[in-house]
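Asks: Please work out how this folds:
(one chain, ligands or ions: 1)
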Amino acid sequence: MISPRIESILAELGIATALVAARSLPECAEACELELAETGEDGREHRLTPEAAAAWKAMKAAALEDGVVLQVVSAFRSIDRQAEIVRRKLAAGKTIEEVLCVSAPPGFSEHHSGRAVDVGTPGSPVLEIEFERTAAFAWLESRAGEFGFRLSYPRDNRCGYQYEPWHWCYHPA
Ligand SMILES: [Zn+2]
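Replies: As a prediction, the model looks like this:
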C-alpha cells in the first residue's frame, strides 16, 4: 500500500506504482526529529535523527583515530526535495528508468528516514564507485557495523539500484 501523498507525487512525476511495486521498494517515512550531524566545508548543514547523529559522530571519531577522515556528503532529505531532484533529471531529458536506477522515487529514499548517510573522504570524488578504493571504504567495511551502520546497496542489490559504496544506513540495535 502506497500512501495517498506519495501516490500523488508519483503520478505527477509519471512514475507508475507498478514500477515501484516490481522492485519491492519499502516506503520510507520522513524523520520527525532531526538534529545537526555535521556541517560541511561548504557550510551545508547535514541532519540525522538524534540516534543516528550520535552514532555517526562516534564512528567519525573512531575513524579519525585510525587516520581516516569520514565526511557527510548527504544525510536527511525530504520527500519534496527528492521529488525536485527527480523532476530536474526528467526535465534534463533522462528517462524515468534511467533516473530511478540512481535516484529513489520520492517516498522511498532511505535518506527520508534521517538514518542514511552518503559518505565522502578527502581526495575521492563524491558519489562515485571509486569510493570503494579508498581507505575510508575499507575502514567502513571492517568497522561500520560496530556503530550500527550497514551498506544499503551492494553490487546486484535486490532494490535495483546501482552499487553505492558510499551509502550507509544506521540500523538501531
Ligand atoms: Zn544515499
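
Asks: Could I get the phi/psi values of the one residue in the chain that gets nearest to the ion?
Replies: Residue of the chain nearest the ion, by CB to the ion: His167 (3.7 Å). Using the backbone N, CA and C atoms, a C-beta is placed for each residue, glycine as well. Main-chain dihedrals, His167, degrees, to the nearest 10: phi -100, psi 110.

Asks: Identify the residues contacting it.
Replies: Going by CB atoms under 8 Å, 6 or more residues apart in numbering, His167 touches Glu110, Ala116, Val117, Asp118, Val119, Leu151, Ser152, Tyr153.

Asks: same thing but 7 Å
Replies: Ala116, Asp118, Ser152, Tyr153 (CB atoms under 7 Å, 6 or more residues apart in numbering).

Asks: could you dump these to CSV with distance to Ala173?
Replies: Compiled in CSV, these are given as follows (distance: CB to CB, whole Å):
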residue, distance to Ala173
Ala116, 17
Asp118, 22
Ser152, 17
Tyr153, 21
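
Asks: could you flag which of those are buried?
Replies: For the contacts of His167, a burial check counting by 16 or more other CB atoms under 10 Å picks out Ala116, Asp118, Ser152, Tyr153.

Asks: beta partners of the first one?
Replies: With DSSP bridges applied, the residues forming beta bridges to Ala116 are Cys169.

Asks: And for Trp166, the neighbour number?
Replies: Neighbours of Trp166 under the rule other CB atoms under 10 Å: 26.

Asks: Tell me how far it lies from Arg81.
Replies: 18 Å (CB to CB, to the nearest Å).

Asks: what's in contact with the lengthiest helix in the chain?
Replies: For the chain, the longest helix by residue count, based on DSSP state H, is helix 50-65. Contacts to helix 50-65, defined as CB under 7 Å, 6+ apart, come from residues 33, 35, 37, 48, 70, 114-115, 117, 139, 143-144, 147-149, 170, 172.

Asks: and if you look at stretch 130-144?
Replies: 59, 62-63, 66, 68-70, 119, 121, 124, 150, 165-166, 168.

Asks: Which other helices and strands does the helix or strand of the chain with the lowest mean pLDDT contact?
Replies: Sorting the helices and strands of the chain by mean pLDDT, DSSP states H and E puts helix 17-22 at the bottom, at a mean of 87. Taking 3 or more CB pairs under 7 Å, 6 or more residues apart in numbering; DSSP states H and E as contact, the helices and strands that helix 17-22 lies on are helix 4-13.
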